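[1] Predicted model follows, preceded by the sequence.
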Amino acid sequence: MSVVALKTDGDTAALMAEIGRRARAAARPLALASAATKLKALLAMAEAIRRNVEPILEANALDMQRGEAQGLSSAMLDRLRLDAGRVEAIAASVEAIAELADPVGDVTASWTRPNGLAIERVRTPLGVIGVIYESRPNVTADAGALCLKAGNAVILRGGSDSTESSAAIHACLVEGLRAAGLPEDAIQRVPTRDRAAVGEMLTGLSGNVDVIVPRGGRSLVERVQNEARVPVFAHLEGVCHVYIHAGADLEMAKDVVLNSKLRRTGICGAAETLLIDRAVVDTHLQPILTALAEGGCEIRGDAEVVARFAGAVPASEEDWPKEYLAAIIAVKVVDGLEEALEHIASYSSGHTEAIVTSDEEAARRFLSVVDSAIVLHNASTQFADGGEFGMGAEIGIATGRMHARGPVGVEQLTSFKYCVHGAGQTRT
C-alpha cells in the first residue's frame, strides 16, 4: 500500500512513524536495485511529468492563489510559480539524473597491503533521507529522483504553500516507481500540513531517517540544525559576493554582475554584495551600477559609492551580511585583493563567491584563499547549481565541511564501505 493511502487525520506522530517504517523497508530492496531498473523508473517519471503538465499547472494555480492571499513575498511566489517551461525543465532534470552514471557499487579506491589483503572502498546508499523544503515544487522531483538514483529511500515534506503542486508531481514519481516494479514507498510525501510532522522527522523517526536535508529560509534551516538528532546537509543563507578585480574587463564584469544579481533574485546563488577594486573604480563603477539600476536594482553603497553614484543609498552594517533575495545589492570599494578577501571572510555565508579578472595569479589566490563551498573565476554566481555542474540536479547546497559540500548530487547522497579480499590471512 502506498503512503498516499494513509489516513492523515488523528495522530501525526503515528502517521510519521508509519512513514518512517515504510521508508526503511523500501530502502533495503532499493539499495540492491540494478542500474537498469532505476533508469527505467526515472525515465517513466519524466514521461509522466510531461504527460501531466495540465494537472500540475492546475494544482500550482491553487497554490499560487493561496500564496498570494497569504501575502507571500515576491521571491517566495517566484520560487512557487510553475509554467509549461518550468514543468518541462523539471522533466528534463529527471531525465538528466537518469542518464548519470550509477554511483552505487562504484569502487572509488583500491590497494593491496603487504600481507596480500586487497582493500576496496565502495560507494553505498546512505539509506533513508528526509527532505524538508519550502515553496519550490521542483524540489519534489529533484530530491525524489536524486535519492532514487543513489539507491536511497526519501521522505519529502514540502511546505504548506506548495502542497497541491508537490502532490501532483509526486504522483508522477510514484507512477515511475510502479512502472519499474520498485516499492512505491521509496519516495513518500508527507500528506499533512501539520507542522508537527517536521518535528517528528527531526527526531529521526526511531532510527529510520539517516540524513535530513532542509531547503528553505533561514528560520527553517536554523530549526533543523538546532533540533535534528540526525546528520544535516544544509546552508543557512546565500550571501554571495562578486569581486571586480583591477584586471577585470569592463564588459565581462558588467555581464557577470548583471547575471549574478538579476537573472533570478530569489535564489541562494544570487549575488548580494558587489566589491569593486579602487584601481578600476573610475572606469567600472558607473557603467556597472548604471546597468544594475536600469535593470531595476536598488544600490546600497558605502560612502564612496554614494558619493560617486547618484542613485545609491547609504549601506548600513546590516547590509554586508544580508541575503536580500530581491533586486537589491550592497556595493563597496576595496583597496585591492587582500581587502576583498578580508571582507568576504568577515561577511560571507560560505556559499558562493566570484572574481572577475584577467590576472591569473590574482584568480589563483582568490580561489585558494576564499573558503566557500563554490568559488568562481570570470563566471556568474548563478552557476551555483547542481544541474549546471553536470549533476542533473541538486537536493540542495551544503556549506558545511563534513561529507558533502556545495551542490548535493547523486555522489554526495552515498556513503561507502570497505570490501576486503583475503586468502586465509590471520592477524598475529
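    Arrived safely. All of these numbers come straight from a predicted model, not from anything done at the bench. Numbering: from 1, shown residues only.

[2] can you list the domains in the chain?
    Here the domain parsing of the chain from automatic domain parsing is 3-234+398-420, 240-383.

[3] Turn those into TSV, including mean neighbour count, distance to T428 and mean pLDDT.
    Where you see a C-beta, it was placed from the backbone N, CA and C, and this is true even at glycine. Formatted as TSV, those follow (neighbours: other CB atoms under 10 Å; distance: least, CB to CB, whole Å; pLDDT from 0 to 100):
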stretch	mean neighbour count	distance to T428	mean pLDDT
domain 3-234+398-420	19	10	93
domain 240-383	19	45	97
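
[4] For the stretch 101-250 of the chain, which segments count as helices?
    Listed in chain order, the helices found in the stretch 101-250 of the chain under DSSP state H, counting those that start in this stretch are 138-149, 163-180, 196-202, 218-227, 250-262.

[5] about what we covered before: who wins for proximity to F389 among the domains of the chain?
    domain 3-234+398-420 (5.3 Å; CB to CB).

[6] Centre of the chain to the closest one, how far?
    12 Å (CA atoms, centre = their mean, to the nearest Å).

[7] again with stretch 233-242
    Using CA atoms, centre = their mean, the offset of stretch 233-242 from its chain centre is 10 Å.

[8] related to what we said a few turns ago, can you redo the domains of the chain as CSV with distance to G390?
    Output for those, formatted as CSV (distance: least, CB to CB, whole Å):
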stretch, distance to G390
domain 3-234+398-420, 8
domain 240-383, 11
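
[9] Of these, which is nearest R427?
    Checking the domains of the chain against R427 by CB to CB gives domain 3-234+398-420 as the closest, at 8.6 Å.

[10] on that earlier part again, now render the helices of the stretch 101-250 of the chain as JSON lines, adding distance to H403.
    Shown next, in JSON lines, are the helices of the stretch 101-250 of the chain (distance: least, CB to CB, whole Å):
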{"stretch": "helix 138-149", "distance to H403": "15"}
{"stretch": "helix 163-180", "distance to H403": "25"}
{"stretch": "helix 196-202", "distance to H403": "19"}
{"stretch": "helix 218-227", "distance to H403": "15"}
{"stretch": "helix 250-262", "distance to H403": "28"}
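
[11] Which one of those lies nearest to S346?
    Comparing the helices of the stretch 101-250 of the chain by CB to CB, helix 218-227 comes nearest, at 18.8 Å.

[12] List of residues touching the closest one?
    Contact partners of helix 218-227, identified using CB atoms under 8 Å, 6 or more residues apart in numbering, comprise 132, 134, 198-199, 202, 212, 214, 232, 234-237, 323.

[13] Of all pairs in those, which one spans the longest distance?
    Within the contacts of helix 218-227, G199 and E323 form the most distant pair, 25.4 Å apart (CB to CB).

[14] shouldn't L413 be in contact with V128?
    No. At 11.3 Å, L413 does not count as touching V128 under the criterion of CB atoms under 8 Å.

[15] so what sits against both of these two?
    N152.

[16] sorry, back to before: right, and the helices of the stretch 101-250 of the chain - which one's nearest A35?
    helix 138-149 (9.0 Å).

[17] Could you measure from the most far-flung residue of the chain relative to its centre over to V154?
    Computed with CA atoms, centre = their mean, the residue of the chain farthest from its C-alpha average is T428, at 48.8 Å. Distance, T428 to V154, by CB to CB, to the nearest Å: 46 Å.

[18] try R22
    The value you get for R22 to V154, if CB to CB is used, is 12 Å.

[19] for L126, same thing?
    Distance from L126 to V154, by CB to CB: 10 Å.

[20] same question, D249
    44 Å.

[21] And T124, by the same measure?
    For T124, the distance to V154 - CB to CB - is 16 Å.

[22] Which residues are in contact with the closest residue to G127 other than its chain neighbours?
    Leaving aside its chain neighbours, G127 sits nearest to D210 (3.9 Å; criterion: CB to CB, 6 or more residues apart in numbering). Contacts for D210 (CB under 8 Å, 6+ apart) come out as 126-129, 230-231.

[23] can you list those residues in TSV and add distance to L42?
    Output for the contacts of D210, formatted as TSV (distance: CB to CB, whole Å):
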residue	distance to L42
L126	18
G127	20
V128	19
I129	16
V230	26
P231	26
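
[24] Looking at these, which are in strands?
    In strands, defined here by DSSP state E, the members of the contacts of D210 are 128-129.

[25] just curious, which of the contacts of D210 is nearest to D63?
    Nearest to D63 out of the contacts of D210 is I129 (CB to CB; 24.0 Å).

[26] who does that closest one bridge with?
    Counting by DSSP bridges, I129 is bridged to V154, V211.

[27] Might you report the residue contacts of it?
    Contacts of I129 (CB under 8 Å, 6+ apart): 143, 147, 152-155, 209-213, 395, 413.

[28] Just the angle for the lengthiest helix in the chain relative to helix 138-149, thanks.
    Longest helix in the chain, counting residues (DSSP state H): helix 12-32. Interaxial angle, helix 12-32 versus helix 138-149 (axes from the mean of the first three to the mean of the last three CA atoms, to 10 degrees): 50 degrees.

[29] Having no further points to raise, I will conclude here.
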